[in-house]
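Peer 1: give me the fold of what follows.
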Amino acid sequence: MDKKGYGEVKARANIFPSDIDKFHEQGVDIVLVQARASDKTKKKAEEQGIKLYDNLSPQKVKKVREKVKRKKTGGDDNA
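Peer 2: Below you'll find the model as predicted:
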């Protein structure tokens, strides 16, 4: 991704290698996944320059999404 200062975060319950291709086309930089991602999916994400965080609890995903939302709206980001 060549644009500086812009990023998109996707939060998913599950992820597959084909999802990484779609996310790359959409300009996604970070993916949060509740399930454990396969080695193939992790490798594809790394090759596409996407930071993949897997095996997260639903609470952790919610906390990160809220923090990102606050940053976008100029709120306090000390979550």
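Peer 1: what is the longest helix belonging to the chain packed up against?
Peer 2: What stands out as the longest helix in the chain, according to DSSP state H, is helix 58-73. With contacts taken as 3 or more C-beta pairs under 8 Å, 6 or more residues apart in numbering; DSSP states H and E, helix 58-73 sits against strand 9-12, strand 30-33. (Glycine included, C-beta is placed from N, CA and C.)
Peer 1: make it 7 Å
Peer 2: Counting contacts by 3 or more C-beta pairs under 7 Å, 6 or more residues apart in numbering; DSSP states H and E, helix 58-73 is packed against strand 9-12.
Peer 1: what helices and strands are in contact with the helix or strand following the strand it packs on?
Peer 2: Sequence order places helix 17-26 as the next helix or strand after strand 9-12, per DSSP states H and E. Packing partners of helix 17-26 (3+ C-beta pairs under 7 Å, 6+ apart): helix 39-48.
Peer 1: of all residues in the protein, which one is nearest the centre?
Peer 2: By C-alpha atoms, centre = their mean, the mean C-alpha position of the chain lies nearest to residue 31, the distance being 1.6 Å.
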